[in-house]
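Student: one predicted model, sequence on top.
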Amino acid sequence: MKLSRKSDYALRALVTLTERRGDGPISVRELAEVNDVPRRFLEQIMLELKASGFVRSVPGRVGGFELAMAPELVTMGSVVRLFEDMLAPIACVSATHYEPCSQEWRCRFRRVLLDIRNYTARRMEEATLASIAAGPPVEAREVFTAYESGAGI
């Protein structure tokens, strides 16, 4: 599964709002600068997050956005589902975007893909904005040494 830029940028903005919770609203301009994302694109994303109840806007000169709910209650899965069509790696194992395949009756690797879907969904539901913001950033060595035989994945 590959996250879209919308999901990526939404999560960046929400984690920033989580880290700076209690400091007052943060403007889209500042959120865009801090997270190195295009401001106009982030404006659209923030409006979608607002419409879905994740953030609220505060009008005025010193206005901006802030979280609309406790970061412990917002899961990565709920944010990603807002912007992604499908979490499953392939449609024949998707609960929400299922598409039949002529080989389902005999397919063996479908089991692996179903396990991947289930693990991904479970992990994203376990990760809240609070737990993500509290965790350390991933270091480059972790990315390139975590699973040697999976190089190139």
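Tutor: Thanks, I have the structure now. Since we're looking at a predicted model, the values are computed, not measured. Numbering: from 1, shown residues only.
Student: which residues in the protein form helices?
Tutor: Secondary structure of the chain by DSSP state H: the helices cover 5-19, 28-35, 39-51, 76-83, 109-126, 129-134, 140-145.
Student: which of these sits closest to residue 67?
Tutor: Closest approach to residue 67 among these (CB to CB): helix 5-19, 5.1 Å. Where you see a C-beta, it was placed from the backbone N, CA and C, and this is true even at glycine.
Student: what residues sit buried inside that closest one?
Tutor: Buried residues in helix 5-19, counted by 16 or more other CB atoms under 10 Å: 6-18.
Student: and for stretch 24-40?
Tutor: Of all the residues in stretch 24-40, those buried under the rule 16+ other CB under 10 Å are 25-26, 28, 31-32, 37.
Student: with stretch 128-143 instead?
Tutor: By 16+ other CB under 10 Å, the buried positions in stretch 128-143 come out as 128-130, 132-133.
Student: ok, so of these, who is nearest residue 51?
Tutor: Nearest member of those to residue 51, counting by CB to CB, is residue 129, at 18.0 Å.
Student: show the pLDDT at that closest one.
Tutor: Listed pLDDT for residue 129 reads 99.
Student: show the pLDDT at the closest residue to it other than its chain neighbours.
Tutor: Leaving out its chain neighbours, the residue that sits closest to residue 129 by CB to CB, 6 or more residues apart in numbering is residue 71, at 3.7 Å. What the model reports for residue 71 is a pLDDT of 98.
Student: contacts only, for residue 53.
Tutor: Counting by CB atoms under 8 Å, 6 or more residues apart in numbering, residue 53 touches 68-69.
Student: and with 10 Å instead?
Tutor: 68-69, 74, 78 (CB atoms under 10 Å, 6 or more residues apart in numbering).
Student: sounds good, over and out.
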